[in-house]
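Q: mind folding the following:
(2 chains)
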Amino acid sequence: MSTPSRLGEVMALDRLVHEPARLLILAVLSGAKEVEFGFLEQMSGLSKGNLSSHMSKLEAGGLIEVRKSFRGKRPLTELCITPAGRRALAAYRQQLAAVMQELPDPAASTKRR
Amino acid sequence: MSANVENRLHELESVTRSYARYSRSAGGMSSVLGGVLCLIAYLGGPLLPGTPLARAALIAIPAVWLLAKGWMMRHYYQRMGHVEEWETPLERRVHCFCVAVTLVVAVTITASIGMAARRHAWSLPVGMLGYLTLVWLLVVAAWRWLRSPLDFIVGTFLFCQAALISAGGFYPLIGTTHTQQGMLMSLVALMFPLAALALIARGVAEHRQFHELRLRLEQLRGAPAGEP
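A: Numbers count the residues shown, from 1 in each chain, chains lettered A, B, ... in the order given. Presented below is the predicted three-dimensional model:
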């Protein structure tokens, strides 16, 4: 495969999913029907504000659904992955695997030199 | 790098799935408690003296179990936050079937008691009202809490035993009755302590799995988000 087309594949990766924090959110959500914000916060190690900002982007892209309610007097935020989000995550994993397979191994080229 | 990312994504998904089990299909120590309470209700019904205190304690057993189940889920197994488990279509169908069975039984019992009460100017003894209440509470409990087949069997027994005790009866132990109906009832009831033992064994295994899961969660928690 030529370098430009490889570059094209890298550029074709879904930027919304490719960002590490958002990838983590999607991976966690894909393992359950519904996830409370607190669990995601602890799993990601992100601050509340940072996590909320990534959630908003994923929600705007239609990849996750965010439900806000109250448990007693405490606000409760629950998230779930949408079918589109599930498809996007699967497609991203396939694309990434294909791209990485095509790239030359830097360790091997160093040895050759 | 791709393999690392793939492994990390897979690990995150798998850990979340295992954690989510404790919202629905896995009970851990609450399953052990359910099994123990089932054995107490099975033996306590015929063996305990019929004092009001003993009867009240046996009637309260299903509520105690369900409350403990919810408490343990929220404050022990899912203390990092609630994560709801996916239900497979088969699990959904089995659950709907179980709820439908309890609903049909509740309607049948209510109709037959209603017809009997009509002949006596609608006067029902207090125990019978308690019996009916528990029969209908079983439908709610089956829908809301009794998600796995073992939970359903044990939960159904706890409610049925409580309902019988509130009406002045109980499931007889095998060999303690000589009437045909009593022998049949004691034979059917024999499956409940067996289910209780199976539930205890399952609960212990789930509790052990939870300890392993906790270690995996500790390793994954707070790992740099930049390397999913």
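
Q: I figured B:W143 hits B:F97, correct?
A: No. Judged on CB atoms under 8 Å, B:W143 makes no contact with B:F97 at a distance of 11.9 Å. No exception for glycine: its C-beta is placed from N, CA and C like everyone else's.

Q: when the two are compared, which one has more neighbours?
A: Shown here are B:W143 and B:F97; by other CB atoms under 10 Å in any protein chain shown, B:W143 has more neighbours (16 against 10).

Q: contacts for stretch B:28-42 next, please.
A: For stretch B:28-42, the surrounding residues in contact (CB atoms under 8 Å, 6 or more residues apart in numbering or on different chains) are B:22, B:27, B:58, B:61, B:64-65, B:68-69, B:72-73, B:76-77, B:150-151, B:154-155, B:157-158, B:161-162, B:171, B:173, B:189, B:192-193, B:195-200, B:202-204, B:206-207, B:210.

Q: so where do the strands sit in chain B?
A: Along chain B, counting by DSSP state E, strands occupy B:83-84.

Q: for it, give me the ranges with low pLDDT.
A: For chain B, applying pLDDT under 70 flags the ranges B:1-3, B:121-123, B:222-228.

Q: any idea how far B:H207 is from the closest residue in space to B:K69 that isn't next to it in sequence?
A: The shortest distance from B:K69 to any non-neighbouring residue, by CB to CB, 6 or more residues apart in numbering or on different chains, is to B:S30 (4.2 Å). The spacing between B:S30 and B:H207, counted by CB to CB, to the nearest Å, is 10 Å.

Q: cool, A:D14 as well?
A: Distance, A:D14 to B:H207, using CB to CB: 40 Å.

Q: same thing with B:T179?
A: With CB to CB as the criterion, B:T179 and B:H207 are 42 Å apart.

Q: check B:S112 too.
A: 42 Å.

Q: these two: who's more crowded?
A: With neighbours defined as other CB under 10 Å, B:S112 and B:H207 compare such that B:H207 has more, 18 against 10.

Q: now that one: closest residue in space, sequence neighbours ignored.
A: Leaving aside its chain neighbours, B:H207 sits nearest to B:G28 (4.2 Å; criterion: CB to CB, 6+ apart).

Q: count the residues that sit near the one you found.
A: Residues near B:G28, counting by other CB under 10 Å, number 24.

Q: the nearest residue to A:L63 once chain neighbours are set aside: which element?
A: The shortest distance from A:L63 to any non-neighbouring residue, by CB to CB, 6+ apart, is to A:G85 (3.4 Å). If you go by DSSP states H and E, A:G85 is part of helix A:83-102.

Q: which strands or helices does that helix pack on?
A: Contacts defined by 3 or more CB pairs under 8 Å, 6 or more residues apart in numbering or on different chains; DSSP states H and E place helix A:83-102 against helix A:3-11, helix A:15-18, helix A:20-29, helix B:2-21.

Q: so how far is it off the chain centroid?
A: 10 Å (CA atoms, centre = their mean, to the nearest Å).

Q: go on, stretch B:50-66?
A: Worked out by CA atoms, centre = their mean, stretch B:50-66 lies 16 Å from the chain centre.

Q: quick one, helices of chain B?
A: Applying DSSP state H to chain B gives helices spanning B:2-21, B:29-47, B:52-72, B:89-118, B:126-144, B:149-166, B:180-189, B:191-220.

Q: what's the fifth one in contact with?
A: Right, helix B:126-144. By CB under 8 Å, 6+ apart, helix B:126-144 touches B:59, B:62, B:66, B:98-99, B:102-103, B:105-106, B:109-110, B:113, B:124, B:152, B:155-156, B:159-160, B:162-164, B:166-168.

Q: and the buried ones among those residues, selectable in PyMOL?
A: Applying 16 or more other CB atoms under 10 Å in any protein chain shown to those, the buried members can be selected in PyMOL as follows:
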select buried, chain B and resi 59+62+66+98+99+102+106+113+152+155+156+159+160+162+163+164+166+167
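
Q: where does pLDDT dip in chain A?
A: A:1-12, A:103-113.

Q: which residue is nearest the middle of it?
A: Centroid-nearest residue in chain A: A:L23, 1.7 Å away (criterion: CA atoms, centre = their mean).
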